[in-house]
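Trainee: give the three-dimensional model of this entry:
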Amino acid sequence: MGQSSLPKPNVLLRDYFSREEIASDTIRFHNEREDTQLDGVQDRDLSGVRNKPPRILPPDQVLRDAERSTLEILNTKLLKLLPSYTSRFYKEGERTTKANRVDDAVESLICHWAFFRGKLDSRQQEWIRDLVKSETGFDLSTQGGNLLSLIVSTSAAVQGQ
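Mentor: Numbering: from 1, shown residues only. Below is the predicted model:
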């Protein structure tokens, strides 16, 4: 006698505003269980063999086990997918810089900077600060705090509407 479960949820990361797909993956979890049933052993049998019903888990227990395992796999996959989400503006900034579309690059890099609230590794911080200052005259080092407070207040106002 057998029993199996096969949940296959899809994980999809999208940009909230543009609805653009950033990354996706499918979780595949397959759990198959088998057990045997032994019937027809007489009570007077002296070999020590006994009748044995199959020990198949109830469906709700199988579902709970599948959910727990799927969530563990989801956690692992999200840790791999999240960098593609959090670095999307930076990658776009690099791509548009190489394509000599500096205005688009500045916009993407400011978004990256704001997404991390200015807390970037020194290489990224320096490149973004220098590019933004050379192209716009705006100094993220000295005026970045003001920019962040404007972004937060604007975001709060938009969400309140």
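Trainee: is it fair to say L13 lies in a strand?
Mentor: Yes - looking at L13 with DSSP: H, G, I helix; E, B strand; the rest coil, it is inside a strand.
Trainee: who are the contact partners of it?
Mentor: If you count contacts by Cβ atoms under 8 Å, 6 or more residues apart in numbering, L13 has them with 21-24, 81-82, 84-85. All C-beta atoms are positioned from the backbone trio N, CA, C, and that covers glycine.
Trainee: looking at those, which are in strands?
Mentor: Counting by DSSP state E, the contacts of L13 place 21-24 in strands.
Trainee: and those residues, which two are furthest apart?
Mentor: Greatest spatial distance in those: I22 and S24, 8.2 Å, computed using Cβ to Cβ.
Trainee: more neighbours: these two, which one.
Mentor: I22 (17 against 12; other Cβ atoms under 10 Å).
Trainee: skipping its backbone neighbours, what lies nearest the more buried one in space?
Mentor: L13 (4.6 Å; Cβ to Cβ, 6 or more residues apart in numbering).
Trainee: and if you look at I73?
Mentor: Nearest to I73 is I27, by Cβ to Cβ, 6+ apart, at 5.0 Å.
Trainee: just I110 next, same as before
Mentor: V132 (6.2 Å).
Trainee: surely the one you found and L140 touch.
Mentor: Yes - V132 lies in contact with L140 (Cβ atoms under 8 Å); the separation is 5.7 Å.
Trainee: got any residues that touch both of the two?
Mentor: With Cβ under 8 Å, 6+ apart, V132 and L140 have common neighbours 110, 113.
Trainee: before we move on, back to that, show me the contacts for the residue nearest to I110.
Mentor: 106, 109-110, 113, 138-140.
Trainee: same thing but at 10 Å, please
Mentor: Listed by Cβ atoms under 10 Å, 6 or more residues apart in numbering, the contact partners of V132 are 105-107, 109-110, 113, 138-141, 144.
Trainee: now D103
Mentor: 96, 135-136.
Trainee: per-residue confidence at the residue nearest to T136 when sequence neighbours are not counted?
Mentor: Distances taken as Cβ to Cβ, 6+ apart place V106 nearest to T136, at 6.3 Å, with adjacent residues excluded. Looking at V106, its pLDDT stands at 94.
Trainee: good, wrapping up.
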